[in-house]
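Trainee: coords please:
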Amino acid sequence: MSWYVEVLLMNRDLIRSKHELTSNEYMDLLLVESTISNFTKNKLLSDIEVKVLNYMACITPTVEIPKNKLDRDTVTKIFKRVCNRISYKLGDYFTDDGYLNYLSQKYGLSESETKRVKSFMESKFRHRLARKIYEEDV
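Mentor: Predicted coordinates:
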């Protein structure tokens, strides 16, 4: 799983608008975008996967996804599949387990708190809070 990669991509515009060029999130976003660029250059992403990534990265999408070909569930599955490949390539805290370990160490989370965070990351509401946090910061 790749919750952190998904959050970075879904909040790309908001992270950039904060103009904190030395922030960890911004640097991580650059790594993710560089990986996407390398995947695209090496033809490891299909045209539809690139469109879905661009579509999901915008609060008000400028990229059109053909509605007669892809439903919401399919777009979500494609997005998650590509984010998983990116997190696998980058490893460390870009994967769910790595990110949980990072949070646990940074904030001294107990085992039950870590389980709670993990259940949130796996829930169907996993992106609501993530986007809301960035919107409030702007």
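Trainee: which stretches of the chain form helices?
Mentor: Secondary structure of the chain, counting by DSSP state H: helices at 3-10, 12-17, 24-41, 47-56, 72-90, 96-107, 111-121, 128-137.
Trainee: out of the ones you listed, name the one with the poorest average pLDDT.
Mentor: When the helices of the chain are ranked by mean pLDDT, helix 128-137 comes last with a mean of 53.
Trainee: mean neighbour count for the helices of the chain - can I get that in TSV?
Mentor: The way it works is simple: take the backbone N, C-alpha and C, and place the C-beta from them, glycine included. Putting the helices of the chain into TSV (neighbours: other CB atoms under 10 Å) gives the following:
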stretch	mean neighbour count
helix 3-10	24
helix 12-17	16
helix 24-41	15
helix 47-56	18
helix 72-90	17
helix 96-107	15
helix 111-121	13
helix 128-137	12
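Trainee: for residue 115, see how far away residue 14 is.
Mentor: 29 Å (CB to CB, to the nearest Å).
Trainee: now residue 26
Mentor: Distance from residue 26 to residue 115, by CB to CB: 30 Å.
Trainee: over to residue 39?
Mentor: The gap separating residue 39 from residue 115 is 32 Å, by CB to CB.
Trainee: ok, residue 83 next?
Mentor: Note on residue 83: its distance to residue 115, by CB to CB, is 22 Å.
Trainee: just give me the neighbour total for residue 91.
Mentor: 9 (other CB atoms under 10 Å).
Trainee: identify the residue spatially nearest to it, adjacent ones excluded.
Mentor: Nearest residue to residue 91 in three dimensions, chain neighbours excluded: residue 98, at 6.8 Å (CB to CB, 6 or more residues apart in numbering).
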